[in-house]
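> My questions concern the predicted model and sequence given below.
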Amino acid sequence: MNSRFVAVAGATGGLGQLVAMELVTRGMAVKALVRPDTAPSRTEKLRNAGVIIAPVDLLAVPALTSELTGAICVVSTLQGLKDVIHTAQGKLLEASVAAKVPRFIPSDFSLDFTKTKIGSNRNLDLRREFHAELKNSGIAWTSILNGGFMDLMVGDSPMINHKSHKVAYIGSTTQLLDFTTMADTAAYTAEVAIDPKPTPNFLRIASHTLDVKGIAQAQTNVEGVTYKPSWMGTVGSMEFMIRVMRLFGGENDVFPAWQGMQYMANMFSGAGKLDSLDNSRYPHLNWTKVQDFFQEHKDKKCSDKNSWP
Ligand SMILES: NC(=O)c1ccc[n+]([C@@H]2O[C@H](COP(=O)([O-])OP(=O)(O)OC[C@H]3O[C@@H](n4cnc5c(N)ncnc54)[C@H](OP(=O)(O)O)[C@@H]3O)[C@@H](O)[C@H]2O)c1
């Protein structure tokens, strides 16, 4: 393979595949690290785009080190609980150090967990804990924080009810919320991965920052029907509900209902808000507004429906 390449762990996943494609678009050679038993159909799109598929067990450090040798950056878009974010990603980091990879991008892609309270969000705590390993590793690392994925507001979103035309919120209607599309996140991540300059430990981005009234207005403009914010209680009452729901399980699931509520509480309390943005670091990138994203989703839904046999 080309002597310079970026390795992507998690390339069969939603964000990982987009990152790999954005790197290819930029003319960068990409190696996708996939589980040894990954079905060929799951990597077909990547293969067709010229991505090298490397089946490797992330726990097998010597094999992993050999796959990473020559990489200019390792991008992790792994998703999971402690066994993935600490253990598998930890081995990926160990192998990256052994292979002398100059830059590591951990699988953060989240709210600002440097500000959220320990214990207030299980999945963000896992990422913060992993940073202790990153700091000790000696590798140059950059964490990308993007708020919530805008993509989670369309489709079967629990936040927007298209029957009652309501947008659920807690706390205040004026709390600003950061959203970034997965596509914008992937494009930015690709830029960081191939950046010839040193990159800082944290880069914060948002495609659009707005409050719940802005979300309702965007939905109103797209649908031509008035959507209104619908209050679900205080942040404190949601935190109480989370504690109660946790008593009934979900600790082994990546996204139990209470985990989604933890993200919501972190966003609407302002604790996970991104204070200053680094969008302009790569001035040629475009950022998607919420209304445009809703419109794009609606148009796609209509064209999918019309093309149904
Ligand atoms: N800010 C937000 O609103 C938001 C929302 C969603 C996700 N995210 C973040 O974005 C990142 C990527 O998430 P995603 O939605 O793209 O995840 P995803 O679609 O579930 O993909 C996860 C990837 O990790 C791989 N993986 C997991 N465990 C592995 C292991 N032990 N060994 C090898 N590969 C393993 C999966 O491989 P297989 O396909 O083989 O299982 C898959 O390729 C995560 O950090 C996630 O927290 C952020």
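Great, that's in hand. Numbers count the residues shown, from 1 in each chain.
> neighbours of the residue lying closest to Ala95 once chain neighbours are set aside, just the number please.
Nearest residue to Ala95 in three dimensions, chain neighbours excluded: Leu64, at 3.8 Å (Cβ to Cβ, 6 or more residues apart in numbering). In short, each C-beta sits where N, CA and C put it, glycine included. Residues near Leu64, counting by other Cβ atoms under 10 Å, number 25.
> Likewise for Gly236?
The tally of other residues near Gly236 (other Cβ under 10 Å) stands at 12.
> Around the ligand, which positions in the stretch 151-300 of the chain sit nearby?
With the criterion set to Cβ under 6 Å from any ligand atom, the stretch 151-300 of the chain comes near the ligand through Leu152.
> immediately after the helix or strand hosting Gln217, which helix or strand?
Take DSSP states H and E as the rule and Gln217 turns out to sit in helix 212-223. Under the assignment DSSP H and E, the closest C-terminal helix or strand after helix 212-223 is strand 228-231.
> contacts for that next one?
With Cβ atoms under 8 Å, 6 or more residues apart in numbering as the contact definition, strand 228-231 has outside contacts at 161, 164-170, 173, 212-213, 215-216.
> out of the residues you listed, who's nearest Gly224?
Each of the contacts of strand 228-231 was scored against Gly224 by Cβ to Cβ, and His165 proved nearest at 10.9 Å.
> Nearest residue to that closest one in space, ignoring adjacent ones along the chain?
His165's closest residue in space is Tyr227 (Cβ to Cβ, 6+ apart), at 4.7 Å.
> now Pro200
Closest residue to Pro200 apart from its sequence neighbours, by Cβ to Cβ, 6+ apart: Thr142 at 6.5 Å.
> The one you found touches Pro102, doesn't it?
No - here Thr142 does not reach Pro102: they are 11.2 Å apart, not a contact under Cβ atoms under 8 Å.
> Neighbour count: the two, which is higher?
Neighbours were tallied for Thr142 and for Pro102 using other Cβ under 10 Å; the higher tally belongs to Thr142 (22 against 12).
> give the contact list for the more buried one.
Thr142 neighbours (Cβ under 8 Å, 6+ apart): 103-105, 192, 199-203.
> Can I have the buried ones of the residues you listed as a ChimeraX selection?
The buried residues among the contacts of Thr142 can be selected in ChimeraX (16 or more other Cβ atoms under 10 Å) with this line:
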select :103,104,105,192,199,202,203
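> Filter the contacts of Thr142 down to just the ones in strands.
Of the positions in the contacts of Thr142, 103-105, 202-203 sit in strands, assigned by DSSP state E.
> Give me the distance between the residue of the chain found nearest the ligand and Val254.
Closest approach of the chain to the ligand (Cβ to the nearest ligand atom) occurs at Gly13, with a separation of 1.9 Å. Relative to Val254, Gly13 is positioned 12 Å away (Cβ to Cβ, to the nearest Å).
> shared neighbours, those two?
Gln79.
> Between those two, which is the more surrounded one?
Set side by side, Gly13 and Val254 give different neighbour counts by other Cβ under 10 Å, the larger being at Gly13 (16 against 13).
> Contacts only, for that one.
77-79.
> Tell me which other helices or strands the helix or strand that contains Ala265 touches.
Secondary structure from DSSP H and E places Ala265 in helix 257-268. On a contact count with 3 or more Cβ pairs under 8 Å, 6 or more residues apart in numbering; DSSP states H and E, helix 257-268 meets helix 122-137, strand 177-180, helix 235-246.
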